[in-house]
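> Based on what follows, work out the 3D shape:
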Amino acid sequence: MSKPLFLRTWPALAAAAVLAGCSLIPTYERPAAPVAKQWSDAKTAGAAAATLAADLDWQDFIGDTNLRSVIRLALDNNRDLRVAVLNIEQARAQYQIRRADQLPTISAGVTGSRQSTSELTKSITSSYSAGLNIPASAAWELDFFGRLGSLKEAALAQYLATEEARKAAQISLIASVASTWLSLQANTELLDLAQRTLTTREDSLRLTRLRFDNGATSALDLRQAESLTAAARATAAQQQRLRAQDINALTLLAGQTVPDPLLRATDATLSASMFKDLPVGLPSEVLTRRPDIRQAEQQLIAANASIGAARAAFFPRISLTAFAGSASSDLDNLFKSGTWGWTLAPSALVPIFDGGRNRANLESSKAGREIAVAQYEKAIQTAFREVADTLAGRATLGEQLQAQQAQASAEAERAQLAELRYRNGVASSLDLLDAQRSLFAVQQLVAQTRLAQQQNQVSLYKALGGGWTPPVQKMEEKQAGL
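Numbering: from 1, shown residues only. Just a heads-up that it's a prediction; the model follows:
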């Protein structure tokens with residue numbers, strides 16, 4: 001006795017489903033990093049056993065408690081970071097859509113129709129059906145050549161890229177908040193310096209004007225004192241503006257008004273020890289830990305998977321519609337025994353002539369992969385330069401700051417001696433004003449160099465991928481957890 005058609009057909013369909021997904025995606029190979037294997041200064045590598053920046057939490061890197069509080073505000077309220085998180089949700093949904101394309105869409109429905117069969121007899125026939133079906137509008141594509149699988153892999157890589165983008169956004173946010181907060185401390189210090197200098201020069205101006213009125217000094221000395229006083233007043237106004245702009249920038253980054261106590265450093269000296277010293281390690285182990293490089297690689301993987309989908313378009317596209325349920329010409333008998341049935345309707349579409357569309361799509365996909373390779377390599381080169389620049393700063397800014405601090409001490413003694421000599425009538429007012437101007441300039445340079453050194457430490461932490469400590473997960477584990 002021969003088997004029913006359904007029993008003879010179903011094993012073939014099951015085998016087709018098993019065979020579906022033969023991938024035409026090119027084998028992915030990570031491009032070689034187009035950078036040197038060592039930093040230019042091997043001494044900067046640091047201890048091999050020390051914790052690398054990518055494994056160091058930002059709370060452990062930053063020593064000032066007020067700065068840590070401001071960063072927490074930014075992580076909770078920054079709008080750019082919220083957008084990055086929502087982009088992940090959107091990419092996850094797109095991946096789930098692509099994954100659902102590999103499964104049949106089964107619907108439950110009831111249909112009915114009535115039509116006239118003869119103009120003479122005026123007879124009317126009726127047809128009713130109810131059951132489960134795979135409709136033609138959502139026919140199940142049997143993915144023999146991996147088109148849907150390639151699209152799913154591309155969507156997964158894009159999803160993982162958005163996750164890396166979110167990590168990169170957090171790292172950038174932490175660095176921006178720290179850098180802006182440090183700039184605020186420096187501009188506050190410079191404002192205090194400018195106001196103290198203005199007070200000193202106003203005192204000198206009053207003394208010079210008194211001496212001028214009594215014929216003890218020349219008009220040249222008076223005008224020089226007036227000029228320096230006006231310059232100090234202009235500098236104070238400039239520092240007030242810069243400090244206000246720093247507060248505005250910090251408010252934007254934090255996503256809310258920052259409380260006044262958090263705008264001041266816990267340690268008034270703002271020493272370099274407020275940040276933990278960082279070992280650098282080798283380029284190969286540093287650059288591959290940066291989220292922006294990992295993001296570029298995931299985009300490369302997505303472009304590589306798109307080639308598989310473009311290749312599959314050259315092969316037949318096999319789809320299936322089906323129905324299983326009850327059918328009757330009488331609505332009252334629709335669910336009675338003997339009215340159950342099923343249909344299977346496979347179809348195959350073979351591309352014959354498309355005007356070169358599939359070929360052009362494949363070429364476009366290959367070009368997209370080459371673009372992604374170039375972008376990945378550029379991301380590595382950019383990261384390498386950022387690390388190298390900050391290492392150069394770390395090697396020289398400390399020496400520069402020490403030299404300027406020594407110069408500031410010498411200029412302070414010179415200004416005291418010049419004032420003493422001036423009050424005793426030994427030196428001219430020009431000598432005193434020149435000493436005060438030099439001292440003010442050097443003190444400004446000390447504050448600016450200290451800021452540059454501290455911001456360089458933050459930039460090094462960012463360049464090394466610090467600020468995010470992602471769990472180590474394989475792509476299969478990521479996919480299973482979606």
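
> Using the three-state scheme, assign Gly109.
With DSSP: H, G, I helix; E, B strand; the rest coil as the basis, Gly109 sits in strand.

> Now do the same contact list for it.
Going by C-beta atoms under 8 Å, 6 or more residues apart in numbering, Gly109 touches Ala130, Gly131, Asn133. Placement of C-beta: from N, CA and C, glycine included.

> The last one is in what secondary structure piece?
When elements are assigned from DSSP states H and E, Asn133 belongs to strand 124-134.

> Show me what that strand packs onto, helices and strands only.
strand 107-116, strand 317-328 (3 or more C-beta pairs under 8 Å, 6 or more residues apart in numbering; DSSP states H and E).

> Specify the stretch among those that is closest to Glu285.
With C-beta to C-beta, the closest approach to Glu285 among the helices and strands packed on strand 124-134 belongs to strand 317-328: 45.1 Å.

> and the strand holding Asn133, which residues are buried?
Tyr128, Ser129, Ala130, Gly131, Asn133, Ile134 (16 or more other C-beta atoms under 10 Å).

> Farthest-apart pair in those, please.
Farthest pair in the buried residues of strand 124-134, by C-beta to C-beta: Tyr128 and Ile134, 19.6 Å.

> neighbours around Gly466, how many?
Other residues within reach of Gly466, judged by other C-beta atoms under 10 Å, total 27.

> Is it correct that it is in contact with Leu278?
Yes: when contacts are counted by C-beta atoms under 8 Å, Gly466 is listed as touching Leu278 (7.4 Å).

> okay, and the common contacts of those two?
With C-beta under 8 Å, 6+ apart as the test, Gly466 and Leu278 both reach Ala53, Leu56, Phe61.

> helices or strands next to the very next helix or strand once past the strand holding Asn133 in the packing?
For strand 124-134, the following helix or strand on the C-terminal side (DSSP H and E) is strand 140-142. Under the contact definition 3+ C-beta pairs under 8 Å, 6+ apart, strand 140-142 sits against helix 5-19, strand 317-328.

> Would you mind identifying the next helix or strand past the longest one?
The helix or strand immediately downstream of helix 5-19 is helix 58-61, counting by DSSP H and E.

> Now do that next one: which elements does it pack against?
Going by 3+ C-beta pairs under 8 Å, 6+ apart, helix 58-61 lies up against helix 65-77.

> still on that earlier bit, let's have the contacts of Gly109 in a markdown table, adding pLDDT and distance to Ala175.
A markdown table is the format used below for these (pLDDT from 0 to 100; distance: C-beta to C-beta, whole Å):
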| residue | pLDDT | distance to Ala175 |
| --- | --- | --- |
| Ala130 | 74 | 63 |
| Gly131 | 75 | 61 |
| Asn133 | 77 | 56 |
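
> Can you lay out the residues you listed as JSON lines showing distance to Ser365?
Shown next, in JSON lines, are these (distance: C-beta to C-beta, whole Å):
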{"residue": "Ala130", "distance to Ser365": "44"}
{"residue": "Gly131", "distance to Ser365": "41"}
{"residue": "Asn133", "distance to Ser365": "35"}
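
> Among those residues, which one sits closest to Gln404?
Lowest distance from Gln404 to these (C-beta to C-beta) belongs to Asn133, with 81.1 Å.

> Kindly report which one of the helices and strands packed on strand 140-142 carries the lowest mean pLDDT.
Per-stretch mean pLDDT for these is lowest at helix 5-19 (a mean of 46).

> okay, now Ala84: neighbour count?
Residue neighbour count, defined by other C-beta under 10 Å, stands at 20 for Ala84.

> need the contact list for it.
Taking C-beta under 8 Å, 6+ apart, one finds Thr162, Ala165, Arg166, Ala169, Gln170 in contact with Ala84.

> ok, Ala379 to Ala74 distance?
From Ala379 across to Ala74, the span is 25 Å (C-beta to C-beta, to the nearest Å).
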